[in-house]
Structures are given as C-alpha cells and as structure tokens.
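Here is a sequence together with a model predicted from it:
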Amino acid sequence: MTEHEAYAQALTEVQRGTPINEIWLKAFAHSTGSKESQTAKYVLFRGEQLLANDRKMRANEAIKQVSAKTSEIINPLIKVAVGCAVFVAFILFTIFLASIAMAAHEASSVLGAIVAVAAIIAVVYVAAKTWQKLERFFGLNIDPDWQKKAE
C-alpha cells in the first residue's frame, strides 16, 4: 500500500461517515476545533496506521518465506545427517561383532571362523535393510548410478 492509497482510504472513511471512533477522537483532540482540521488529523493518523499495518503484514509474509526456504535447506541436511549417523553406528556394530568373532576364533579355529562369517553377513544384511528403510523414510533417494549421471 502506498502513502497515497492509505490517505485516500482514510479520507474515504470520513466521507462515508465510517471513521474509526478512537482515531476520530484523537484527531479531535489534536485539531483546532474545526471539522476540516479534525478531518485532516484523522487522515494523517489513520493513514499512518494503515501504512504501519501494511508494513507488519509484509514483514510477516517475508518471515514466512524465509522460514519456508530455511526448512527447504535444513530438513534434507538433517535427514542425511541422521542417515549417516545410523550407518556409522552399524559399521561400529560390525566391528564389535567381528572382534567377538575373533575372540571366539581363538577358542576354536573352525567354530570361530563360522561365527565370524555369520556375524559379518548378518550385520551387513541388517545394515543394508536399515539403510533402505532410512532412504524411504527420509526421502533420501540415493541413486546408485549417480556417478554415471554426473559425467
């Protein structure tokens, strides 16, 4: 809203006989006592109020736009970070199971080797399935052919 539009709207309110009472009384208190002076003060005060309201509305719209853009940027980063953290946790869990399998291997070479291989296969399977679920849940859409498409 421009200044011209704000003051024109305020004058229209007076001409139609629909001024805002609080502002009309303030205009009367600041006027010289004539109807023209009161109308001029009303147009000034009401115009300033309309402009202030318009500025507030524009500021709120700008904040909403910035908030939406921020969410567009931050949310995917959070999803990727959580997915990476879970994947790292599975890698650490695999290392832990491998160390248990090595300790078992020392006790009995054949049995230890079987336990080690079974543990690693189980952890890799669980990690792969969990990663797939994370991709679907977080919408990561990791494409295995990304390198070919980048060329």
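That came in fine, so what should we check first?

For stretch 55-69, what does the pLDDT average out to?
Here stretch 55-69 scores 90 as its mean pLDDT.

List every C-alpha atom in that stretch, with coordinates, as CSV.
What follows is stretch 55-69, C-alpha atoms only, in CSV (Å, rounded to 0.1, in the frame of the first residue of the first chain):
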residue,chain,number,x,y,z
ARG,A,55,4.4,-2.9,6.8
LYS,A,56,3.6,-5.5,9.5
MET,A,57,1.8,-7.7,7.0
ARG,A,58,4.7,-7.5,4.5
ALA,A,59,7.2,-8.3,7.3
ASN,A,60,5.2,-11.4,8.4
GLU,A,61,5.0,-12.6,4.8
ALA,A,62,8.7,-12.1,4.4
ILE,A,63,9.3,-14.1,7.6
LYS,A,64,7.1,-16.9,6.3
GLN,A,65,9.0,-17.0,3.1
VAL,A,66,12.4,-17.1,4.8
SER,A,67,11.1,-19.8,7.2
ALA,A,68,9.9,-21.9,4.3
LYS,A,69,13.3,-21.5,2.4
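
Which neighbouring elements make contact with the helix or strand Ala68 falls within?
According to DSSP states H and E, Ala68 maps onto helix 35-107. The helices and strands touching helix 35-107, judged by 3 or more CB pairs under 8 Å, 6 or more residues apart in numbering; DSSP states H and E, are helix 3-16, helix 21-30, helix 109-138. In this view, the C-beta of every residue, glycine as well, is placed from N, C-alpha and C.

a markdown table please, covering the ones you listed and showing mean pLDDT.
Shown next, in a markdown table, are these (pLDDT from 0 to 100):
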| stretch | mean pLDDT |
| --- | --- |
| helix 3-16 | 95 |
| helix 21-30 | 94 |
| helix 109-138 | 72 |
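
Dump these into CSV; add mean neighbour count as well.
What follows is those, written out as CSV (neighbours: other CB atoms under 10 Å):
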stretch, mean neighbour count
helix 3-16, 15
helix 21-30, 14
helix 109-138, 14
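
now those in a markdown table, with distance to Lys64?
As requested, those are exported to a markdown table (distance: least, CB to CB, whole Å):
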| stretch | distance to Lys64 |
| --- | --- |
| helix 3-16 | 23 |
| helix 21-30 | 29 |
| helix 109-138 | 25 |
